[in-house]
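In: I need the structure of the sequence given here:
(2 chains)
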There are 2 protein chains.
Amino acid sequence: MAKAPVLTPRAEDFPRWYQDIVNKAELADNGPVRGTMVIRPYGYGLWERMQQEMDARIKETGTQNAYFPLLIPRSYLTREAEHVEGFAPELAVVTHGGGKELEEPAVVRPTSETIINEYFSKWIQSYRDLPLLINQWANVVRWELRPRLFLRTSEFLWQEGHTAHATYEEARDFAARIHRDVYGDFLRNVLATDFMSGRKTARERFAGAINTLTLESMMGDGKALQMVTSHELGQNFARAFHTRYLAKDGRQELVWQTSWGSTTRMIGALVMTHGDDDGLRVPPRLAPIQVVVLAIKGDETVLATVRETGDRLRAAGLRVHVDDRTGIPFGRRAVDWELKGVPVRVEIGPRDLEHGTVMLSRRIPGGKEPVPVDALAGMLPGILEEDQALLLEQSRERRESRTADVSTFEEAVEAATAGCWARIPWAVLGEDGEAGLAEHAVTVRCLVAEDGSVPDADDAPGNVAVVARAY
Amino acid sequence: MAKAPVLTPRAEDFPRWYQDIVNKAELADNGPVRGTMVIRPYGYGLWERMQQEMDARIKETGTQNAYFPLLIPRSYLTREAEHVEGFAPELAVVTHGGGKELEEPAVVRPTSETIINEYFSKWIQSYRDLPLLINQWANVVRWELRPRLFLRTSEFLWQEGHTAHATYEEARDFAARIHRDVYGDFLRNVLATDFMSGRKTARERFAGAINTLTLESMMGDGKALQMVTSHELGQNFARAFHTRYLAKDGRQELVWQTSWGSTTRMIGALVMTHGDDDGLRVPPRLAPIQVVVLAIKGDETVLATVRETGDRLRAAGLRVHVDDRTGIPFGRRAVDWELKGVPVRVEIGPRDLEHGTVMLSRRIPGGKEPVPVDALAGMLPGILEEDQALLLEQSRERRESRTADVSTFEEAVEAATAGCWARIPWAVLGEDGEAGLAEHAVTVRCLVAEDGSVPDADDAPGNVAVVARAY
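Out: Below you'll find the model as predicted:
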């Protein structure tokens, strides 16, 4: 008996399939103010796991968490010229507070470089205060005209790191370290997501940065998604906010800075990277629920075994949920866990117990098999690691099979509009070619060196531009 | 040799002493927009520990985290009459977004009952969907005319729980469970803070609630601070937002609701409960740093021992920081850790190593003694538990010694204005007496039953009003 599809198939309408998963897996709803979103408990559980994994990696670098105000005096934004130009069209402005019109309107932070520099300039006196390594977990608002849940929302959650260093080299190396050891490591080893690692062209750089490092991943429809970025800010904000330190040689010097961020957008990327026509597939190392133990029917022995199995798997260090809601038909619950992408279902009914087995159902490669109940705890860690590796492998294969080396502007456009990525020498494309891509809704996602590493400069010899349509 | 005081002594000027600690222990700074604050890394570390401990207790009750938008259509606030009256004077209003004036202004959430009910009314269909237990960690804005760091700020961080239940009894019992098992347990067993547990009078209730449970603690100057509150909302918001469910008997019923919150205000309470003239004293179970291991001077053997000791104590499960900044004078660093209230300092210098000992310095009871380096890891857990118990005991003693049973309005005012708490029969004080207290800047903090439990009603026989000045 063929199942009626719960979701619009990807091949039929990819954007609608995405919307269906977000809705039916209960990840998020649209908020009442245009472009805002409500993150539902299962979606928020994914974010909590992302936070835990990222936060540990961020702290590993010696960075400390802090919290800066939501509301920023509008005048701060205007101090760094490129920055205000980049963000002005997206600002939400508070004009009234406590029943009165404010003397100076405040903007809801779109990012915190300006307000953080105001404090860095107070806290930093001498070279002994450097490096200053700060991160915050916060909400930001950037007004969005074409909103899409997780991918483009007027309010989103993120972490933003902000650091100050004594020299250009230290700042550059720290941005590269975050790019590699925090973001790269998290994407590859937790999110099971392959990426291209490169630098943004001048056109695509963060407003106020001298260099932006990016990790770009290929979604299920071949489009690119910018996963995370790390910026070298040079001395631009330090100049605007007089963020100076007393150097060892007694001179006052401007600090060199970085900033870097990752957002709830990664939840959208997770859906579009690993989802299939049956729903989400969550990488086991990320999954808030790695194993769900389901009671098929409600007899006492079954329920007791289900709970006991849950406890035993929890004791083995797994993240386990017990579904004993036998008032709801089993089939409906099974489809729901499939939609939510829980890697392993352990299904237990009276017939299984007669045989001393349970049914092990794997979401990621698919397939079911009976397994002796006593063997479960021993088998599952290996199975979950296999699943984790398979997702990364599928993500890598997709990118490789859908990336073409091309040598002309026309070929690059053709590949990108067909849902592929094109690699074209930057010397051939150039800034004029890049401007021309915009007419086809295609962009340069990043520049990479010939050997795949991150180039030191936009015009380093041998640089290749990775060109694609993007979210 | 007497130390020059780093802080204004409490007896001289308590508010200034508080401000000195917040500043010198690097907990927080004033933000540029009136009443906002920057929470510095050490202050934020305290908040992260509070979040971890509270979040675990909240999840224990079956509550799940989610996230609702920062911006709420202004019209939502007006749907519940008491609610809008309570919050209207404190709102921050966004009138412009994305370069245009908004059709309907949005308010920055002062709390989320309204927007959450909008979604509860979509998510809840039948009795099977109840109870619905949601919590969020978020920032809120309530415009503050007389701001004070942590205690009253225009933006603060908090958790807000929101639940929906099928019956009045279930909602009442859940609010009581949060009050006791989450908040009461956290305050007593982690924050080492004694409290009175009671209900608010009608005058002091949350705007839109039918009952508010509160925990009130005595600060170092004898004033009260409302630590946390848990509200029974009855069906007020359900009525305003049509939050209905299909009952087992086939009828449509309004849900019964609760909400409950705790905020960064607790950091201010921590300072004013346990701080002394040398700085903060952080209860060990809360402390982000329980033990700091300090190198007195920078010879190689000392530094190696310091790091090795740090590793060994970490391996014993303690939260440890190693201070090997030997470029900064030892005395300055010791004072700094004292200000920050780290419970135990382990100080290691060349002379100590000659004797195979280290200096163990205890912040909470005070005092120093040499200890064999090998004995440290075995001794510290017991010492920290002793310190934890001592802080709770001191907090309890303060409240008991400064609470008076009185029988007239005049005596109550006299006690409260002298920095004490007064217990007066509610039948004697009454609502008129309560109104009269306001002229003396005194309030009823809560009503308690004769046996110390939380009364079921304001006018239950034997109710006692606890009366005090408050933050």
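
In: So chain A: which segments form each domain?
Out: A:31-263, A:291-383, A:403-468 (automatic domain parsing).

In: Minimum distance to residue B:471: which of those has it?
Out: domain A:31-263 (19.5 Å; C-beta to C-beta). Where C-beta positions appear, they are placed from N, C-alpha and C, glycine not excepted.

In: Can you pull up the most central residue in chain A?
Out: For chain A, the residue nearest the mean C-alpha position is residue A:266 (2.4 Å; C-alpha atoms, centre = their mean).

In: So in that sheet, which strands flank the helix or strand hosting residue A:467, and in what orientation?
Out: In this structure, residue A:467 sits in strand A:464-468 according to DSSP states H and E. Sheet pairing for strand A:464-468, assigned by DSSP bridges, gives strand A:421-425 (antiparallel), strand A:443-448 (antiparallel).

In: Residue A:47 sits in which helix or strand?
Out: Using DSSP H and E, residue A:47 falls in helix A:41-60.

In: got the CA positions of the lowest-mean-pLDDT helix or strand in chain A in PDB?
Out: Lowest mean confidence among the helices and strands of chain A (mean pLDDT, DSSP states H and E): helix A:81-87, at a mean of 84. Extracted C-alpha coordinates of helix A:81-87, given in PDB (Å, rounded to 0.1, in the frame of the first residue of the first chain):
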ATOM      1  CA  ALA A  81      30.000  55.300   7.100                       C
ATOM      2  CA  GLU A  82      29.800  51.900   5.200                       C
ATOM      3  CA  HIS A  83      28.100  50.300   8.200                       C
ATOM      4  CA  VAL A  84      25.200  52.700   8.300                       C
ATOM      5  CA  GLU A  85      24.800  52.500   4.600                       C
ATOM      6  CA  GLY A  86      24.500  48.800   4.800                       C
ATOM      7  CA  PHE A  87      22.000  48.600   7.700                       C
END
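
In: Any chance you could list what contacts that helix?
Out: A:77, A:78, A:110, A:111, A:113, A:114, A:142, A:206, A:207, A:208, A:236, A:237 (C-beta atoms under 8 Å, 6 or more residues apart in numbering or on different chains).

In: what helices or strands is the helix or strand containing the residue nearest to the centre of chain A leaning on?
Out: Using DSSP H and E, the element containing residue A:266 is helix A:265-274. Judged by 3 or more C-beta pairs under 8 Å, 6 or more residues apart in numbering or on different chains; DSSP states H and E, helix A:265-274 is in contact with helix A:14-24, helix A:41-60, strand A:211-218, strand A:224-234, helix A:376-401.

In: before we move on, back to that, I'd like the contacts of helix A:81-87 laid out as a markdown table, including secondary structure, neighbour count and pLDDT.
Out: As requested, the contacts of helix A:81-87 are exported to a markdown table (DSSP: H, G, I helix; E, B strand; the rest coil; neighbours: other C-beta atoms under 10 Å in any protein chain shown; pLDDT from 0 to 100):
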| residue | secondary structure | neighbour count | pLDDT |
| --- | --- | --- | --- |
| A:77 | helix | 22 | 90 |
| A:78 | coil | 14 | 89 |
| A:110 | coil | 21 | 96 |
| A:111 | coil | 23 | 95 |
| A:113 | helix | 30 | 94 |
| A:114 | helix | 27 | 94 |
| A:142 | coil | 21 | 96 |
| A:206 | coil | 23 | 91 |
| A:207 | coil | 19 | 88 |
| A:208 | coil | 24 | 90 |
| A:236 | helix | 22 | 94 |
| A:237 | helix | 27 | 94 |
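
In: Helix, strand or coil: sort out the closest residue to chain B within the stretch 301-450 of chain A for me.
Out: Nearest to chain B in the stretch 301-450 of chain A, going by C-beta to the nearest C-beta, is residue A:327, at a distance of 7.0 Å. The three-state label for residue A:327, taken from DSSP: H, G, I helix; E, B strand; the rest coil, comes out as coil.
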